[in-house]
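# No letters, just coordinates:
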């Protein structure tokens, strides 16, 4: 059986949802440790023997927390999970069984995400498949699995957004195929922390900085890049999204 380490950054905005997730992961026999980066700085009241809580001196935000958690992980396979999702108890086991050493990152397919504003029981476990993807979709980054040896740290300047874009892109640059998970529905409470208006300036800065980090100067004038089921065209700084599937 492939074992994995799970990393969860959290501000504990919804403790019931967060504790439910830890309980589900505790029952998954493939999960050997649950590394929580407690950005609330308040400590975690949960008795799971798999739980390892790291309380930083200050809020590290998401991307630096992912870097820290991955560095601390003892298993070769690592999962970066949102604290606002509800999954079946054997979900991580099923994904870990399908990951091969040569794979890039494995994220989620938005078609199988049920966005909700209520806490629901864990969804029924169903068979999953991994499908190749060349442009990430929205929600891809709410559950990311990868081989630790293939992880390239996200630049510290990026705090909240674009960390999943970075992971996706760096694997593409290394000629490793990225995937998304299909066949299994999960529930997403959606952006408990990121919806806070006080974080908007950080998010805006992250997006601008990410573009500077990955693009050459001429790509701000003209560029074509793949997105989920489509392409993004940049012409003199103006971006146009062209989707091949009108539903996405």
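Looks like it came in fine. All values reported here derive from a predicted model rather than from experimental measurement.
# pretty sure residue 37 is in contact with residue 10, am I right?
Yes: using CB atoms under 8 Å, residue 37 makes contact with residue 10 at a distance of 7.1 Å. All C-beta atoms are positioned from the backbone trio N, CA, C, and that covers glycine.
# mind listing what the residue positioned nearest the centre of the chain touches?
Centroid-nearest residue in the chain: residue 141, 3.1 Å away (criterion: CA atoms, centre = their mean). By CB atoms under 8 Å, 6 or more residues apart in numbering, residue 141 lies in contact with 80, 107, 108, 163, 164, 165, 167.
# Same check on residue 80?
Residue 80 neighbours (CB under 8 Å, 6+ apart): 7, 8, 66, 69, 70, 141, 143, 144, 145.
# Point out the least confident one among the residues you listed.
Lowest pLDDT among the contacts of residue 80: residue 141, with 94.
# That one - that's part of a helix, no?
Yes: counting by DSSP: H, G, I helix; E, B strand; the rest coil, residue 141 is part of a helix.
# residue ranges with poor pLDDT in the chain?
190-199, 215-221, 223, 225-232, 236-237, 241-248 (pLDDT under 70).
# Strands of this structure, start to end?
For the chain, the strands defined by DSSP state E cover 4-10, 31-38, 51-54, 77-81, 85-86, 106-108, 113-115, 129-132, 143-147, 179-182, 186-188, 222-227, 230-235, 238-243.
# what pairs with the residue lying closest to residue 133 once chain neighbours are set aside across the strands?
Nearest residue to residue 133, sequence neighbours excluded (CB to CB, 6 or more residues apart in numbering): residue 180, at 4.8 Å. Counting by DSSP bridges, residue 180 is bridged to residue 107, residue 131.
# Renumber starting at 44 from here on
All right, first residue 44 from here; so that's residue 223.
# Residue 223 contacts residue 154, correct?
No: applying CB under 8 Å as the test, residue 223 and residue 154 come out as separate, 9.1 Å apart.
# Between the two, tell me which one has more neighbours.
residue 223 (23 against 13; other CB atoms under 10 Å).
# picking up where we left off before, of the strands of the chain, which is nearest residue 164?
Closest approach to residue 164 among the strands of the chain is made by strand 128-129 (7.8 Å; CB to CB).
# partners of that closest one in the sheet?
Here, using DSSP bridges, strand 128-129 pairs with strand 229-231 (antiparallel).
# what does the partner strand contact?
Strand 229-231 has contacts (CB under 8 Å, 6+ apart) with 125, 127-131, 134, 151, 155-159, 163, 166, 182, 185-186.
# Quick check: buried residues in it?
For strand 229-231, a neighbour-count test (16 or more other CB atoms under 10 Å) marks 229, 230, 231 as buried.
# ok, and for the lengthiest helix in the chain, which residues are buried?
Ranked by residue count under DSSP state H, the longest helix found in the chain is helix 243-257. Using 16+ other CB under 10 Å as the test for burial, helix 243-257 gives 245, 249, 252, 253, 254.
# could those be laid out in CSV, adding distance to residue 89?
Shown next, in CSV, are the buried residues of helix 243-257 (distance: CB to CB, whole Å):
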residue, distance to residue 89
245, 28
249, 30
252, 35
253, 34
254, 39
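# Quickly check these for the two that are furthest apart.
Checking the buried residues of helix 243-257 with CB to CB, the most distant pair is 245 and 254, at 15.4 Å.
# Just to check, residue 99 is in contact with residue 79?
No: when contacts are counted by CB under 8 Å, residue 99 is not listed as touching residue 79 (11.3 Å).
# Compare neighbour counts for those two and give me the winner.
residue 79 (25 against 15).
# which residues does the more buried one contact?
51, 52, 53, 65, 87, 94, 95, 96, 97.
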